[in-house]
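Sequence unavailable; structure follows:
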Ligand code: BYC
């Protein structure tokens, strides 16, 4: 059921046919000029498909990504921490909405995307299938997960598809606040008792490698990267972004006083980057195959929330229908 709201407005993807020669030339010119493609522009079907794939996965990640932190709202150690965490989780819901709206402009409606998520046939970021057993995990999610998200998403602000790039600008601003609040949680714990410092370090040990996996498979195993980069959707490769993130993390870890759990991590003068140890790609593929710590739990919770919210969607639809009927009545009165 589609609730008719402004954010859920009908898609206005280009109606031009697949063999529109003028449209294709214009599209190629836009990409060559590093300009924006807008929903009313002609675009190749494969470009549309890859955008719907990436943007919907991104939206699903934001929505599923609310769960690991929502788990701590009721248990945050102070009223201030509770309020901050609640605001952050609400931001993630907002990010999901901007992104579903951007995907809708490509002609796929939100209900279809949501059904794919609930049916388990859509992907979302691997990182949200890890559990959050300690309060320090709120710090690690902010510092490492939101930190990786910013690193990945700042270049996406320049994505060639206008609605996606523009949505990313606002999302990045909010992610920046999220990253800092996570860093600050860890900084407080690291200035605390030996038990608090141990909790922070243990949490960083668990989140470090999965956060590096957020950037996707290595470049030579990334089937989508080359074409997405040629279309100016992705600006940097998976490995390039991962390296940028590691280089950024090392000095921050020093400020925090935590150790990054990689014995091979060392500065390479020649490359001007940190060398790092191998990632466990078997673990990554297991999580993508649905066998992570929390895959089943995350999907079940989302299904349940969707079911529980059915009455809200029904009420919104009834209200919209009533408003439309009133507008119609008024229009008829004025016209007669
Ligand atoms: N997890 O060819 P590749 C947040 C899939 S939420 C799962 O490199 P691509 C936050 C990939 O989809 C922010 N799947 O793909 C929220 C592809 O599968 P399909 C989340 C992954 O698209 C709440 C296959 O592997 N960020 O910050 O060129 C609280 C081959 O990969 C993953 C985004 O969504 C993964 N980690 O590049 C706190 C960013 N990696 O579709 C924080 C937007 C890869 O062919 N997305 N796959 O079946 C992107 O930038 C790109 O889609 C990726 C992958 C870099 C993730």
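Cool, got the structure. Because the structure is predicted, anything quoted here is derived from the model rather than measured.

CA only for contacts and neighbour counts going forward, please
Fine.

in the longest helix seen in the chain, what's buried?
When the chain is parsed with DSSP state H, its longest helix is helix 162-190. By neighbour count with 16 or more other Cα atoms under 10 Å, helix 162-190 contains the buried residues 162-169, 171-172, 174-176, 178-187, 189-190.

Return the list of helices and strands in contact with it.
Packing partners of helix 162-190 (3 or more Cα pairs under 8 Å, 6 or more residues apart in numbering; DSSP states H and E): helix 79-104, helix 136-140, helix 147-153, helix 194-213, helix 238-256.

Output those in a markdown table, with mean neighbour count, distance to residue 287 and mean pLDDT appended to each entry.
Shown next, in a markdown table, are the helices and strands packed on helix 162-190 (neighbours: other Cα atoms under 10 Å; distance: least, Cα to Cα, whole Å; pLDDT from 0 to 100):
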| stretch | mean neighbour count | distance to residue 287 | mean pLDDT |
| --- | --- | --- | --- |
| helix 79-104 | 20 | 22 | 97 |
| helix 136-140 | 26 | 19 | 98 |
| helix 147-153 | 22 | 18 | 97 |
| helix 194-213 | 20 | 10 | 98 |
| helix 238-256 | 17 | 18 | 98 |
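
Surely residue 277 is within a strand?
No. Counting by DSSP: H, G, I helix; E, B strand; the rest coil, residue 277 is not found in a strand; it is coil.

Start the count at 608 instead of 1 going forward.
Shifting the count to begin at 608 puts that one at residue 884.

Which one of the helices and strands packed on helix 769-797 lies nearest to the ligand?
helix 754-760 (4.4 Å; Cα to the nearest ligand atom).

That closest one packs against which elements?
helix 769-797, helix 845-863.

closest to residue 633 out of the ones you listed?
helix 769-797 (15.3 Å; Cα to Cα).

So the closest one, near the ligand or not?
No. Helix 769-797 stays out of contact with the ligand when judged by Cα under 6 Å from any ligand atom, the minimum separation being 7.3 Å.

Next, the angle from that helix to helix 801-820.
160 degrees (axes from the mean of the first three to the mean of the last three Cα atoms, to 10 degrees).

Please state the backbone phi and psi of the residue nearest to residue 883 when sequence neighbours are not counted?
Nearest residue to residue 883, sequence neighbours excluded (Cα to Cα, 6 or more residues apart in numbering): residue 872, at 4.5 Å. Here is the backbone geometry of residue 872 (degrees, to the nearest 10): phi -80, psi 110.

Ok, which of the helices and strands packed on helix 754-760 comes nearest residue 834?
helix 845-863 (13.1 Å).

got any ranges where the stretch 608-757 of the chain has weak pLDDT?
608-626 (pLDDT under 70).

for the ligand, what are the nearby residues on it?
Counting by Cα under 6 Å from any ligand atom, the residues of the stretch 608-757 of the chain that sit close to the ligand are 660-661, 664-665, 668-669, 672-673, 699, 730-733, 752-753, 756.

Please narrow these to those residing in helices.
Filtering these for helices - DSSP H - leaves 660-661, 664-665, 668-669, 673, 699, 756.

possible to save those as CSV with distance to residue 911?
Formatted as CSV, these follow (distance: Cα to Cα, whole Å):
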residue, distance to residue 911
660, 24
661, 25
664, 20
665, 21
668, 17
669, 17
673, 14
699, 19
756, 27
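
from those residues, which two are the most distant?
Longest span within those, Cα to Cα: 660 and 673, 20.4 Å.

How much space separates residue 813 from residue 905?
Distance, residue 813 to residue 905, using Cα to Cα, to the nearest Å: 19 Å.

And for residue 700?
Taken as Cα to Cα, the span from residue 700 to residue 905 is 15 Å.

do residue 797 as well
30 Å.

same check, this time on residue 775
25 Å.

ditto for residue 790
25 Å.

Contact partners for the most centrally placed residue in the chain?
Most central in the chain under Cα atoms, centre = their mean is residue 665, positioned 4.0 Å from the mean C-alpha point. By Cα atoms under 8 Å, 6 or more residues apart in numbering, the contact list for residue 665 reads 703, 706, 731-732.

again, only using 10 Å
The contact partners of residue 665, by Cα atoms under 10 Å, 6 or more residues apart in numbering, come to 659, 702-703, 706-707, 710, 730-732.

quick one on the thing from earlier: the helices and strands packed on helix 769-797: which one's closest to residue 826?
helix 845-863 (5.9 Å).

And that closest one, what does it pack against?
Secondary-structure packing of helix 845-863 (3 or more Cα pairs under 10 Å, 6 or more residues apart in numbering; DSSP states H and E): helix 754-760, helix 769-797, helix 801-820, strand 873-875, strand 880-882.

change it to 7 Å
helix 754-760 (3 or more Cα pairs under 7 Å, 6 or more residues apart in numbering; DSSP states H and E).

Please enumerate residues in contact with the helix it packs on?
775, 779, 782-783, 786, 818, 848, 852 (Cα atoms under 7 Å, 6 or more residues apart in numbering).
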